[in-house]
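Peer 1: Got a predicted model here, sequence first, then my questions.
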Amino acid sequence: EHSTALEVNGIITATSISNSGDIKIPNASGKALFGAGEDLAIYHDGSHSHIRDQGTGDLRLRSTFLRLLNASSQPYILCASGGAVEIYHDNSKKFETTSSGVTVTGDLAATTVTTPSVVADGVTITDNTVKTNASNANLELDANGSGKVSISGLLFPTSDGSADQFLKTDGSGTLSFATV
């Protein structure tokens, strides 16, 4: 007759264990320990659940699709093998890797951006120049020492005029100050 339960007070040492049901460690200080040096431990301390890796190598999770979910099954992070990684905030996707780069939904705050150019919603930022890409409302700001400002093809002067002066055009898009 087969036993349906095994109760052990101590250590079980075996080369393999086969089980078709649950493995329960009922006390709060119990741990599932793996490796000759007990390098990997899975346990609950009465307040929190832990997976602890103290070995010399990596802790590797392998899956064709990895999901880190909260208790309500809402995603924190979703990872597809060879594909996108998605990061969520309050069940709303905020960051996603794509084959061409990344997509950020919402605001992006950065203290430094190092890139040859940034394009966002029709605005291109290259070095110290900001340009719109819209053909009906062009804007260019150039802070490379020239102080150049161009709006819809009109090139504004790089310095202030004097009192009682106005802006005039030369007919080709260059504006300058003139006196009445």
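Peer 2: Done, it's in.
Peer 1: low pLDDT regions in this structure?
Peer 2: For the chain, the stretches flagged by pLDDT under 70 are 1-4, 134-138, 142-148, 150, 152.
Peer 1: Relative to residue 42, how far out is residue 160?
Peer 2: To residue 42, residue 160 is 70 Å away according to CB to CB, to the nearest Å. To be clear about C-beta, it is placed using only N, CA and C from the backbone, and glycine gets the same treatment.
Peer 1: Tell me which of these two has more neighbours.
Peer 2: residue 42 (13 against 7; other CB atoms under 10 Å).
Peer 1: quick one: which helix or strand includes that one?
Peer 2: Taking DSSP states H and E as the definition, residue 42 sits inside strand 40-44.
Peer 1: Give me the sheet partners of that strand and which way each runs.
Peer 2: Strand 40-44 pairs in its sheet with strand 31-34 (antiparallel), strand 49-53 (antiparallel), by DSSP bridges.
Peer 1: Pull out the buried positions in the first one.
Peer 2: Buried residues in strand 31-34, counting neighbours by 16 or more other CB atoms under 10 Å, are found at residue 31.
Peer 1: Need the contact partners of that strand.
Peer 2: 23, 25, 40, 41, 42, 43 (CB atoms under 8 Å, 6 or more residues apart in numbering).
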